[in-house]
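> what shape does this take:
(2 chains)
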Amino acid sequence: MSDTKKMALIASRGTLDWAYPPFILASTAVAMDMEVQIFFTFYGLTLLKKKLDAKVAPHSNPSMPMKMPFGPKAFKNIEWPIPNLISSNLPGFNDVATTLMKKTFKSKGVATVEQLRDICVESGVKLVGCQMTMDVFGFTKDEFIDGVELGGAATFLEFAAEADIQLFV
Amino acid sequence: MSDVQANMELDCRGLNCPLPILKTKKAIETLNTGDVLKMIATDPGSINDMTAWTKRTGNELISHEESGDEYIFFIRKK
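Alright, predicted model coming up:
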């Protein structure tokens, strides 16, 4: 197509639940013949790490449904009322919630974040790491997957100014 | 509908958004212009998604049919 549509995304969060939207949108946009750039800033930078370790934190996430990915249907439909006292204080609670979320996603035929990120890289999504936040958090480029470019606000805005879709995640 | 001869069949049963689209895109790239891809999905969202995808990419959605829990799409590569 002569008029290629462009999409500019900012990925600013690094938890498992928030890792999905930018990679789903980017991979799908490329499949729809769009050109995509994702600007990773603040906690979003961790999504560029070679080994993805995104977790989900139910604490302070009150609308997150807590359901079990296994067992009979009636059991799976139960929404477990986990008090904040437990979700914030019980050691390993985030790991349990992360495992459960990954299991649920898998059982529903959803791709892993790693798969979606690989597809983005293979299909030419431009990944830009925010140099300023890297300095603040002490990240170096060699911690990131290959192909990441570095830049700042102007780098993003230059692409976003020409883009048809701009989203902040 | 089903008298369309498919050059390739793609099984996306059990897969959820956005995998059916991503796999369809990959599959169609291996075909020649005019070839027909048959894609089978179970994701109810795939009807709207395939319509949107073909509209944007210019490939032709020849037909889609529902059979039980399955959605069957015939797409002609542009």
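> buried residues in stretch A:117-134?
For stretch A:117-134, burial by neighbour count (16 or more other Cβ atoms under 10 Å in any protein chain shown) applies to A:117, A:119-120, A:123, A:125-131, A:133-134. Backbone N, C-alpha and C define where each C-beta goes, glycine included.
> now do the buried residues in the helix or strand containing B:Tyr71.
Here B:Tyr71 is covered by strand B:70-76, with elements defined by DSSP states H and E. For strand B:70-76, burial by neighbour count (16+ other Cβ under 10 Å) applies to B:71-76.
> direction included, what does it pair against?
strand B:36-41 (antiparallel), strand B:60-67 (antiparallel) (DSSP bridges).
> for the residue nearest the centre of chain A, what are its contacts?
Among the residues of chain A, the one closest to the centroid is A:Ala19, at 1.2 Å (Cα atoms, centre = their mean). A:Ala19 sits next to A:13, A:47, A:52, A:54, A:113 when contact means Cβ atoms under 8 Å, 6 or more residues apart in numbering or on different chains.
> returning to that earlier point: got the buried residues of strand B:70-76 as CSV, with pLDDT columns?
Output for the buried residues of strand B:70-76, formatted as CSV (pLDDT from 0 to 100):
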residue, pLDDT
B:Tyr71, 97
B:Ile72, 97
B:Phe73, 98
B:Phe74, 98
B:Ile75, 98
B:Arg76, 98
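> and which of those residues is nearest to A:Ala153?
Nearest to A:Ala153 among the buried residues of strand B:70-76 is B:Ile75, at 40.7 Å by Cβ to Cβ.
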